[in-house]
Each structure stands twice: as C-alpha cells, then as structure tokens.
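K.L.:
Prediction below, plus the sequence it came from.
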Amino acid sequence: MRLTGAQALIKSLEMQQVETIFGLPGGAILPVYDPLLDSSIRHILVRHEQGAGHAAEGYAHVTGRPGVAMVTSGPGATNIVTPLMDAMMDSIPLVVVSGQVATGSIGTDAFQETAITSITMGITKHNWLVTDAADIPRVVAEAFHVATTGRPGPVLIDVPKDISNATMDWYWPSADDLDLPGFHPVTEGDPALVRRAAELILGAQRPVIYAGGGILKARAAQALRALAERTGIPVVTTLMARGAFPDSHPLNLGMPGMHGNYTAVTAMQQADLLLALGSRFDDRVTGRISAFAPGAKVVHVDIDPAELGKVRRPDVAIAGDCRVVIEELLTALDQLGLDGEGVAAPSSPAAQRPDSAPWIAQVRQWQQEHPLRYRQEEGGPLKPQFVVEALRDMTPDDTIVAAGVGQHQMWASQYWRFDHPYTWVNSGGAGTMGFAVPAAIGAKVGRPGSMVWAIDGDGCFQMTAQELVTATAERIPVKIAILNNAYLGMVRQWQELFYEERYSEVYLSPDLPDYVKWAEAMGCVGMRVETPEDVAPAIDKANAIDDRPVVIDFRTDAFEKVYPMVPAGASNDDIIEGPAEGEGGR
Amino acid sequence: MSASTTSRHHILSVLVENKAGVLARVASLFSRRGYNIFSLAVAPTDDERFSRITIVVDVESAPLEQIVQQLDKLVNVVSISELAPERAIERELLLATVEAGPEQRVEVAALAGIFHGTVIDVASDRVTVAVTGTPDALDGVEDLLSPFGIVELQRTGRVALPKLGSRRRLQPVADRAG
C-alpha cells in the first residue's frame, strides 16, 4: 500500500492507539492535517501550542498513556518547548510531532525554520528528525517505546514538509524492527540488593517510606500499600506522589519538603532508615542536603540508575521498576519470616525486629502537636485554605485536581485529601506557571467520567486562560477555582519574609482583568465569591454545570502565607510553622 | 596534559550509534550538567553502524559514576567502558608549524626525531612537524618548540587502549546491549 508520509504518520499514530491529539496547524505541518480529517483520532484545536503540550501532559497524568501533541515548525515548535521541559522534569510520557521546513531548505533560515531537535535535545528523552518517509512508522514506534519504557518522558518527532508529501510503502514494524541498540532499561532489582534492603527494613527502629512520583509511573500504588501495611512503616508522599498512598490511611504522614507537614518533614529528619521509592531527593524535599536526614541509612529504588547517588549516596541502590522491586521486597520479607499480615514467624530474622511502637507513638505525637493550621475569621477576609477545604468536602472523592504553581498549588496539595492515584495533576519539578487550565482540559479529555477542578492562582490563570475557549468549543466541562489574591503570591511571600517587605513587581490587581467577564467571553459560566458564606453555594452551582466550563473568582486574603516553610537553603530542622497563635497572618 | 590533571582524569570509551547529531548530544550533556572534558576524540569503528568517542573527563567536576549513568541515558549511547589511566596506553597526535629558517631547520628536525616525530612540510622560513606521543610527552614537545616561535599548533585529543598484560581489558561500566 502506497501512502504519503503524512498518511503514514497518522496511520502510525492510530496503530499506537492514539485517541486524541492536541494541536494547532501551520505551514510545515499542513500535509499531516489533511489525512487527519479521515482519521478516527480526535483532534483538539488549542489556542496556543503551550496549551497543547500541557493538555497532553494532563491527559498522560490521569491515563498513564502518552499524551500526543502536534505543532508546526518554528514558533509552533518553540511554543511547546516549555511543556517538553515540564514533562522531562516530571517524567511524563509525551509524544510531540512538529512540522519542519522541507529538507532542502534546512539550514537556510527558511520561513518558520528552527532547529527544534537541537533546541529540545536536553529536554526530551530523545528526538528524531525524519529524513526519509519510509522511516516514519519505525520512528513513531520507537518514539512511543522510548516515551513509555523505563523512566517515562517526552520525545519529539520533527517531520519536514517534503517528507510528509513523499510516498512510501506502508508497513508496521515489529518490536525487533526497532533500531534502538542503546536502549534497554532495567526493570528487575538485583536479588542480593533486594534482600539487603529487606534486612535493613527489619533492623530499622525509625523507618520512613519516602514515596515519589515513580510509584505512580510504575502503577505501584497497590504494591506500596501492601509494603506499608505489612511492615507498618509510615509513608510520606512527595508533591509528585500525592495520591500514590491514601491520605486517609493512618500510616500516611502527608507531604514532605519546603511546605510539607511538620510530621512528614521531621519524621524524615529523625529517621534511621529512608526507603526512597521512585523519589529523587529534590532540593524542595531535602532542604540543605548536608543536613537532610542525617542519621538515616538510605535504600534508594529507581528505574533511572542515574538517580541513584546523584544527590544522596544510598546504602543500598536498586535500579529497577518500583512495582517490580516492591514485589521482590515483599517476597524477600516473606523469606525473612515476615508474613502478609506483618506477623513474624517464630525464631525467623523477622522475629528479631525492633519494636515499632515508640516510633509510631512519636509520629502520632508530632501529628497531634503540629497539625496544619489556618483560621477563617467570621466576617474576615476569605482564606484560600478555606476554599480548598470546601472544594474538597463538596466534590466526589475521586475528583481530579489540577494546579498551577505557587501558593495555591501548595494549599491544594496540603489541604486536599488524595485517596486515589492519578487524581493530582501538577507541575512539580519545572514549576510551570499556567499549567493548570490546559492540564485540566487534557485530564478531562482523558477521564471524561470524572469531575475535574483546577485550583489556580490569578497570576497563573492569566498565562494560559485562553485555552478555556478550546474547552468551550470542544465541550470539555472543566471547573476552575481562581484563588485570586491579586498578587504573584509566592513571590510576594518571599519578599515579605526575606526582602524586608520590599514588594517588587508582584501586584496584579484583583479586578484587572475582570475574571467573570473574561470567563463569560470565553463561553464559560463566571462567578465571583468574596465571603466565606458564599463559597459553598458557588461550588454547588458549579458542580451542577456539566455542559460548559465554569470559572469562580474567589477573592482571597493577600496576606495569607503558605506554612509550614523551610526557607531555601536551610536545614529541614529549621522548619517554620507559621505565626504564633494570635499573631495573625500579620 | 600536566601531571596534576592525571590524577583526576578518567578515560571513557563510549560506543555510540553512527547517526547525525550524536556528538552534539554527548557534548550538550556534558555542558548542561557541568561536567568538564579534558579531551574528546571521535573515530569510526570497524562496524559502520557505530562510532567510538574517547572522552577524558574531569572526575572532580562530578563523580565518574554519575557521568557514566547520565551518558548511558542517551538513547544513542550503546555501551561505555572505563580505562583507568594507570592501565592505559594513551596516544595523541601533535602537528606544529614553527618558524625555522635554513639554520634552525635541522635543529627542529632533530628535536622532532628525539620524540620519534617527523618533518612533514617545509617552506623557506617554516617547517611543520608531526609527533605522536603520550599527552605528557607532547606537553614537553610543545615547550621545546616554543622558543623557535610556534605559528600554528593542533593536538587531536587522546585515544587509548588497555595495556597488554594488564589483567583487565576495557572495563565495561554500562552496557545496555548486554
């Protein structure tokens, strides 16, 4: 069967079971948009290519399947650079197809030419410039394989216009036809190391499981729960792992890090064993690295061998898939005499295990003495945490929450109760403002049966809000809660605390733009909430709307800050819990 | 290469796919992660699908293990072997054009001869010599040639193989094909 390169590309995407492409056409990608008309694949026309990338990420977050975006050359391609970087940082499988000028024009500064494979070299797992139409099916198959195998991540396929127009004989490659001699990720852990890790678990007095986003990537939430319950070890879930272990589980200590719970942060500092599973000792988790968990031995499990020892030298380093290795650990614990119920066989190594009761009691005491706190005064300004709690309590418990980056993101992570995996969609490593709206759209496309709320900041919302036009046009009923404090709030918080309240370029105004009118102009329902009493009725109304997007402009207290907080570069021992009772927000 | 760098350099022999842009991927990795390179040489192998990049890395800029693991993540990198400097035969080629009239010409030729080098081009006031040697020896050649007046000088960066009789050959440190 003779096909054009463009037809082969679309057919290859169909072969990969792609259902949805987020994209925006242009000159160099024009040939590929033609066969798309005849394809079963749904194309969602975004209003900016960055929106296509983040929507594809949101789709991948909630489905575990690669998100696909398509853009044209030059500015189309550079506009999706931020999502590629974001996906690289957070290990999101993403396949981006970009148009390129014709091969004969490459290198001549042709109209809308840019060397996107060079630009994205460091922010993709791999990228390809296709130079022969006959390569298209193989390259697409390789791209999906690389994006989804081992540590997931973004890839880019750059397709010159003449290659799309050329013809080729259709084929679909088998696994053996893939030309990837250097790509063989390890999934199984070394048995001797797994056994050593199991022995450390049984010998520890103050162990903590430090669960990262790798748990979700490995579909290991069930396995993690089995491990925690069998061993009785408390779990902290990083920003990327919220939902990987239920927040309502008694062993869950919440989020560690710069704005983590006191108990999660302190338990890690005091631990004698950290079981790091799919986490990467990010600086936002560790604080000053030399002072991080000083007394802890470290077992580090990660599918990416380069993470082992990158930041903290582990005592036991296991390269492997988190789900596979946790299952191997459970088997090793069995062999050491710790059964499925967590009961030790008499005179087995497990029977020598130190009593965990003092450690658990210590953790419970911290939880009791150091809860998250804020106060919603009657008649006082609306607190952002109050809005998040109201949303949490008034939505189904498998609601998907997307966030941008900043104070609102931290409050969402702190105050939501994540009891299901793949319900939290956020930009962790990259910290990409403007992520929430397009990511929520992608999430809703991936999981149309779930309610999707974006909790966004006013600064973030202004960066990508135009994608709500996409949402209205494509009938994707997402709901957006803007925590509008009229500031770039997190920057304001740092200027207040560390720059002697010298506020430099952080004021945005609560009224400019008028978010309700803006929402309405984009075909959404717009509402404004200024008092605590009006919060619940507005959420009720929003929850009842299922035929278009909803935007609620919550006018929140600009003085409220995110606590607890470990200042940048400080030790996690120096966690600040916030102003003392009665001192107020200031 | 001065003696002080010898202790902190390691030689990585990296087998890569012979595809467009692979050297850029390797160089870009070193640059974005802040790893220092003392020298780098690329050569074809007997299998046209692959090339070999010999990189001398500064292990003070990052732990060797981390450099190897990050390199190994590049999809086009097939395998990586490490060569400890004390177990390696290293050679580098130096080409130098120096100012030498008829009287100095013999002197320059003799000097090159001491290092088993040769004169490969001559003009009325200049000669070009080629010398192969260890990086340290070539540092010496450079010093000895400079009084004549060096017009142009180029060095290739080193290539290396394991010493015969050393028990271990190239030590594979990352081999995904295996």
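P.N.:
Cool, got the structure.
K.L.:
dump the residue contacts of the residue most central in space within chain A.
P.N.:
Taking Cα atoms, centre = their mean, the centroid of chain A lies closest to A:N426, which sits 4.3 Å from it. Residues near A:N426 by Cβ atoms under 8 Å, 6 or more residues apart in numbering or on different chains: A:239-240, A:402-405, A:409, A:412-413, A:435-436, A:439. Backbone N, C-alpha and C define where each C-beta goes, glycine included.
K.L.:
change it to 6 Å
P.N.:
By Cβ atoms under 6 Å, 6 or more residues apart in numbering or on different chains, A:N426 lies in contact with A:403, A:409.
K.L.:
what about the nearest residue to A:T114 once chain neighbours are set aside, how many neighbours?
P.N.:
Spatially, and ignoring its direct neighbours in sequence, A:T114 is nearest to A:G74 (4.9 Å; Cβ to Cβ, 6 or more residues apart in numbering or on different chains). Residues lying near A:G74 (other Cβ atoms under 10 Å in any protein chain shown) number 21.
K.L.:
just to revisit the earlier point, what about the residue nearest to the centre of chain A, distance to A:A218?
P.N.:
According to Cβ to Cβ, to the nearest Å, A:N426 stands 19 Å off from A:A218.
K.L.:
Repeat that for A:A267.
P.N.:
To A:A218, A:A267 is 24 Å away according to Cβ to Cβ.
K.L.:
Let me know how buried the closest residue to A:A221 other than its chain neighbours is, in neighbour terms.
P.N.:
In space, and not counting its chain neighbours, A:A221 is closest to A:P421: 4.4 Å by Cβ to Cβ, 6+ apart. Applying other Cβ under 10 Å, we find 21 residues neighbouring A:P421.
K.L.:
Just checking, which helix or strand of chain B averages the lowest pLDDT?
P.N.:
The least trusted helix or strand in chain B, going by mean pLDDT, DSSP states H and E, turns out to be helix B:3-6, with a mean of 46.
K.L.:
what's the following helix or strand after that one?
P.N.:
As assigned by DSSP states H and E, the chain's next helix or strand after helix B:3-6 is strand B:9-17.
K.L.:
To what extent is the closest residue to A:S450 other than its chain neighbours buried, counted in neighbours?
P.N.:
Spatially, and ignoring its direct neighbours in sequence, A:S450 is nearest to A:I400 (5.2 Å; Cβ to Cβ, 6+ apart). Here the count is done by other Cβ under 10 Å, and A:I400 has 27 residues near it.
K.L.:
Tell me the backbone dihedrals of the residue nearest to A:T114, please.
P.N.:
Here is the backbone geometry of A:G74 (degrees, to the nearest 10): phi 60, psi -120.
K.L.:
From chain B, how far off is it?
P.N.:
19 Å (Cβ to the nearest Cβ, to the nearest Å).
K.L.:
Tell me the confidence at that residue?
P.N.:
For A:G74, the model assigns a pLDDT of 98.
K.L.:
got it, and B:D58?
P.N.:
Taking B:D58 on its own, its pLDDT is 87.
K.L.:
For it, give the beta-bridge partners.
P.N.:
On the basis of DSSP bridges, B:D58 is bridged to B:H9.
K.L.:
and what of A:V425?
P.N.:
With DSSP bridges as the criterion, A:V425 is bridged to A:A402.
K.L.:
correct me, but the residue nearest to A:S450 touches A:V452?
P.N.:
Yes - between A:I400 and A:V452 there is a contact at 4.6 Å, judged by Cβ atoms under 6 Å.
K.L.:
For those two, list the residues in contact with both.
P.N.:
Between them, A:I400 and A:V452 share the contacting residues A:A443, judged by Cβ under 6 Å, 6+ apart.
K.L.:
Report the contact partners of the residue in the stretch 301-450 of chain A that chain B sits nearest to.
P.N.:
When scored by Cβ to the nearest Cβ, the stretch 301-450 of chain A has A:A306 as its residue closest to chain B, at 3.7 Å. Applying Cβ under 6 Å, 6+ apart, we find A:A306 in contact with B:69-70, B:73.
K.L.:
Closest one to chain A out of those residues, please.
P.N.:
Out of the contacts of A:A306, the member with the shortest distance to chain A (by Cβ to the nearest Cβ) is B:Q69, at 3.7 Å.
K.L.:
distance of whichever residue of the stretch 1-150 of chain A sits closest to chain B from B:N18?
P.N.:
Chain B sits closest to A:H126 of the stretch 1-150 of chain A, with a gap of 4.1 Å, by Cβ to the nearest Cβ. With the distance defined as Cβ to Cβ, A:H126 ends up 16 Å from B:N18.
K.L.:
okay, these two: which has more neighbours?
P.N.:
Using other Cβ under 10 Å as the criterion, A:H126 and B:N18 rank with A:H126 on top: 24 against 16.
K.L.:
is the more buried one in a bridge, and if so with what?
P.N.:
Beta-bridge pairing for A:H126 (DSSP bridges): A:V155.
K.L.:
Now do the contacts for it.
P.N.:
Counting by Cβ under 6 Å, 6+ apart, A:H126 makes contact with A:146, A:155, B:75.
K.L.:
pLDDT score assigned to the second one?
P.N.:
pLDDT, the model's per-residue confidence, is 98 for A:V155.
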